[in-house]
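Asker: Starting from these lines, generate the structure:
(chains A and B, ligands or ions: 3)
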Amino acid sequence: MLAREVLQELIQALGKENVLSEQEDLMTYAYDATAAMKHRKPDVVVSPLSTEQVAEVVKIANRHNLPIYTRGAGTNLSGGTIPTEGGIVLSMLNLNNILEVDQDNLTATVQPGVIIQALNDEVIKHGLLYPPDPGTIATATMGGSVSECSGGLRGLKYGVTKHYIMGLQIVLANGEIIRWGGKTVKNVTGYDLVALYTGAEGTLGIITEIIVKLIPAPEARKSILAVFDNVDKAGNAIAAIIRNKVIPATLEIMDNVTIQTVENFVHAGLPMDAEAVLLCEVDGYKEVVEREAVLVERILKEEGAVEVKIAKDDQERDLLWLARRSALPALAQKRPTTVLEDATVPRSKIPDMLKAIRRIATKHNLQIATFGHAGDGNLHPTILTDDRDSEEMKRVHLAVEEIFETAIALGGTLSGEHGIGIAKMKFLDWEFGEAGVAALRSIKEALDPNYLMNPGKIVRRD
Amino acid sequence: MSIYDSLDSINEELRKCMKCGNCQAVCPIYKETRQEVGAARGKISLLEFFLSGEIEMTKGLADRFSLCTTCMACNNNCPCGVRFDKIILGARAEAVRKKGLHPVKKIAFTALKMQRLFDLGMKTGSIFQGVALKNIPNRYSKLARMRVDIGIGKNKVFPMLPNKTLRSELPEVNTVKNPKMRVAFFTGCMINYFYTDMGRAMVEVLAENDIEVVIPKDQGCCGIPASVNGDVDSARILAKRNLRAFDKMGADALVVACSSCGSAWKHVFGDLLENDPEFKGLADIWAEKSYDISEFLIHKIPFKKEGLGKVSRKVTYHDPCHLNRGAGVNKEPREILRSIPGLELIEMKEPGRCCGMAGSFSLVHPDLSLQISDRKTADIAQTNTDTVATGCPACRMQLQSGVENANLDEEVLHTIQILAESYRAGKKEGKSI
Ligand SMILES: Cc1cc2nc3c(=O)[nH]c(=O)nc-3n(C[C@H](O)[C@H](O)[C@H](O)COP(=O)(O)OP(=O)(O)OC[C@H]3O[C@@H](n4cnc5c(N)ncnc54)[C@H](O)[C@@H]3O)c2cc1C
Ligand code: SF4
Ligand code: SF4
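Answerer: Numbers count the residues shown, from 1 in each chain, chains lettered A, B, ... in the order given. Ligands and ions are numbered 1, 2, ... in the order given. Take a look at the predicted model:
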């Protein structure tokens, strides 16, 4: 229960309409998009209207030693916004203005509550693009995606969120407001806190303003579908495309289980017996796109694709991508609980990873479908299960651990884009070792000595 | 078991939800409040916590379930195919079962107050209206604002009440010379009380197409205001009353010009009476032959194109949620409008976004309703048209109130009124040749 005094101070600072304390509202901030995760209701939810109000909330939290759980749209997949220790949920959704689009410097300045799609709708008016495009582009906030360093379908050619963040305004854990970075392409003044806070999952402070880099929107694009009867061949094809110096914007893979499920769901004409399909999109100047599409088609055939199809028009293209985007929701229909991982490996190791996942599924007698961003090595092994079945859940946890082990052994990482949150906290030493985890903790404690910023995530307090 | 009787039947819908949050992208309420409970995911979670016993059915919980315009936008955007329209109706019915009629009392009470006000207004005519409603000058129609706030704010603009209700004004059977067909017209309350002009246009257009129109005197409210708020008992009584009235008169088809009434006849009566051996069959028979008027004119009888006269209007069309997403009717009204000579159709941004009226929603949440309406009005303003067409009297009232408050020079009409206008113009043109 929240002390009356705290509630009054919050209302004083933010106004009554921006402070929620009734249980029916609090319960709706007890979860996020992460499956099979314990929920926990916060003591209060506040929605500040300015950076100063955010700082005010942080000061109140400090006075009363209350944790702050910063929240955007709550679509993350690692338990990042669940208020595991109660306290304050800080909703950033009221800070939702696009402050500036600077065509001369190719930057935009936004508040953290701006939805990624809203930024793109604005900058496309000037022929510009903000490339990071997670599956939740129409719902996720800029603050949330910077804090998760979200990836997306375009990662292979355009990189991920961190490649587009130039400057931040941050409210530190002590309530001080700082700015770091800016509109300059070059900046080596001091430690790179912009890089540190990008992907920090709200554990080091609160982002209240973001300067992003924009690029000219590509003029044309073409989508190509390739069908394989063998996963190795698909893996080799990925390597071959890159070796031939074509960098597609997107290069996605779906395995047999995914294909069958998706086809039943959207009827996009995917071959049910294929072992794997690759979905590729090249973009850029019209002439270049034409040339690259033909080249990609040839390479795919040479690498043994049993069928290669170039989307004739927007309608065909949209259907192919609808199939890809439906992968997760379609799989989610099969069983009550969908455990989605994002272990990532160097792209040359994709076939090894796919085979390992299949082995793990058989070993633990689980249904695992795999799809993902093959071009950048980021796979989404998806375990279809039921969290009410504790025996099966035990096997799920074992399988997840083995997937992590394999990814790290192949030179990869625990998480490519969904973050550590609560979900992967206990595996960090597998990747960094104890010394690495200690270094992480030193940074945390330097910037948030009292563990008020999203405690219980990434760094464990011992 | 229907969704109105037990939460069991929506369990499966709940299980489909994977909490992805996609529903936030399209929810008109979430857009305004930016609170999790606005979007479907928030209300689904609350219902799950209720079912798991973690929270109880409180008045507060029932209030949260009232935060939905039932616009069905989230249904369409849900990657998992969750039918949130079913979930919300089930949740509200459960709230009423657990808490009695209490949560909707406010709505029912306000509605009742209004109903009495209007019934009284009908009888005492302009004297009464002068007391309760303040006339506001408008070149298209007689409009009024509340002088006293009866709990719905004073911002809402109402049409002035006509002197007679539609059903007392028109005969029960409207004959034509060589009838091709006999069609029953379910007027619904809004057309009967407020917008008799729409009702007359209906009969006029159907007569023009050689159709005899029956308007059964015993018909009443469609019951949607009751069923969407969980008052299932009242809704059942009304459903039976209407089925009896129409069965008595008989007809080849039934037409409506209101999107709520349409969903009542097409789905809700059948769902409500699922376990009623006497009425279920009847509900199904009538569901089968119920049409929205634009659907009827396009698919059932290709309506008469010769004789359409010139109507110089620049029109933008607003899709009523239950006509568009509910019944899948969105091309038909546009096809009718495009067939009218002289008329230019200019689409607004997001014509399918909810106008925020949602029947009693606007009574319970007047401020929120107004905010949603303001967005719609802004989109309309950008089209530079002179007329807003729509397919539902409730939307018409909301849109009219919006454009009036924004001082836009726009006339708000039902598609059928513009078609009637075109037939009239055609006759004039015919004479002058
Ligand atoms: C169906 C589906 C598909 C997805 N697809 C992808 C994908 O393709 N690629 C990908 O990378 N991710 C994906 N995600 C994960 C998720 O959508 C992204 O991580 C997204 O960017 C999170 O944004 P959000 O606004 O919802 O953040 P939230 O979930 O609200 O927050 C995420 C984290 O950021 C912190 N945070 C939020 N705002 C701030 C702030 N202003 N300052 C400091 N910390 C803050 C929170 O504390 C939390 O730790 C997907 C999720 C779903 C459900
Ligand atoms: S979009 Fe559908 S599945 Fe996703 S949270 Fe909303 S209702 Fe649930
Ligand atoms: S039906 Fe409309 S108002 Fe209700 S939750 Fe869905 S999108 Fe929001």
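Asker: can you give me the helices in the stretch 201-350 of chain B?
Answerer: Taking DSSP state H, counting those that start in this stretch as the criterion, the stretch 201-350 of chain B carries its helices at B:224-227, B:232-249, B:259-263, B:269-272, B:280-288, B:293-295, B:321, B:331-338.
Asker: out of those helices, which comes closest to chain A?
Answerer: Each of the helices of the stretch 201-350 of chain B was checked against chain A via Cβ to the nearest Cβ, and the shortest separation belongs to helix B:331-338, namely 17.8 Å. All C-beta spots, glycine's among them, are computed from the backbone N, C-alpha and C.
Asker: packing partners for the closest one?
Answerer: For helix B:331-338, the packing partners by 3 or more Cβ pairs under 8 Å, 6 or more residues apart in numbering or on different chains; DSSP states H and E come out as helix B:293-295, strand B:314-318, strand B:344-345, helix B:415-432.
Asker: any residues touching the third one, and which ones?
Answerer: Strand B:344-345 is contacted from outside by B:313-317, B:334, B:337-338, using Cβ atoms under 8 Å, 6 or more residues apart in numbering or on different chains.
Asker: Number of residues surrounding residue A:431?
Answerer: Counted with other Cβ atoms under 10 Å in any protein chain shown, residues neighbouring residue A:431 total 16.
Asker: What of residue A:314?
Answerer: Quick note: residue A:314 (other Cβ under 10 Å) scores 10 neighbours.
Asker: Please apply the same query to residue B:8.
Answerer: For residue B:8, the count of nearby residues is 10 (other Cβ under 10 Å).
Asker: For it, grab phi and psi.
Answerer: The main-chain torsion angles of residue B:8 are listed as degrees, to the nearest 10 and equal phi -50, psi -40.
Asker: can you check the one 3 residues further on too?
Answerer: The main-chain torsion angles of residue B:11 are listed as degrees, to the nearest 10 and equal phi -50, psi -40.
Asker: For it, list the residues it contacts.
Answerer: Contacts for residue B:11 were tallied using Cβ under 8 Å, 6+ apart; they are residue B:51.
Asker: got the residue ranges for the helices in the stretch 1-150 of chain B?
Answerer: Under the criterion DSSP H, counting those that start in this stretch, the stretch 1-150 of chain B carries helices at the ranges B:8-16, B:28-33, B:40-51, B:59-65, B:73-77, B:84-99, B:102-124, B:126-132.
Asker: Identify the residues contacting the second one?
Answerer: Here helix B:28-33 makes contact (Cβ under 8 Å, 6+ apart) with B:23-24, B:38-39, B:67-69, B:71, B:73, B:353-354, B:356, B:368, B:371-372, B:375.
Asker: biggest separation within those residues, which pair?
Answerer: Greatest spatial distance in the contacts of helix B:28-33: B:23 and B:371, 18.9 Å, computed using Cβ to Cβ.
Asker: Just want to know which of the two has more residues nearby.
Answerer: residue B:23 (27 against 16).
Asker: which ones are touching that one?
Answerer: For residue B:23, the set of contacting residues under the criterion of Cβ under 8 Å, 6+ apart consists of B:30, B:39-41, B:74, B:77-78, B:84.
Asker: same thing but at 6 Å, please
Answerer: Under the criterion of Cβ atoms under 6 Å, 6 or more residues apart in numbering or on different chains, the contact list for residue B:23 reads B:39-41, B:74.
Asker: export those residues to CSV and tack on neighbour count?
Answerer: As requested, these are arranged in CSV below (neighbours: other Cβ atoms under 10 Å in any protein chain shown):
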residue, neighbour count
B:39, 30
B:40, 27
B:41, 31
B:74, 28
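Asker: just those residues that are near ligand 3?
Answerer: Near ligand 3, taking Cβ under 6 Å from any ligand atom as the test, the members of those found are B:39-40, B:74.
Asker: could you dump these to JSON lines with distance to residue B:347?
Answerer: Listed next are those as JSON lines, based on distance: Cβ to Cβ, whole Å:
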{"residue": "B:39", "distance to residue B:347": "26"}
{"residue": "B:40", "distance to residue B:347": "27"}
{"residue": "B:74", "distance to residue B:347": "23"}
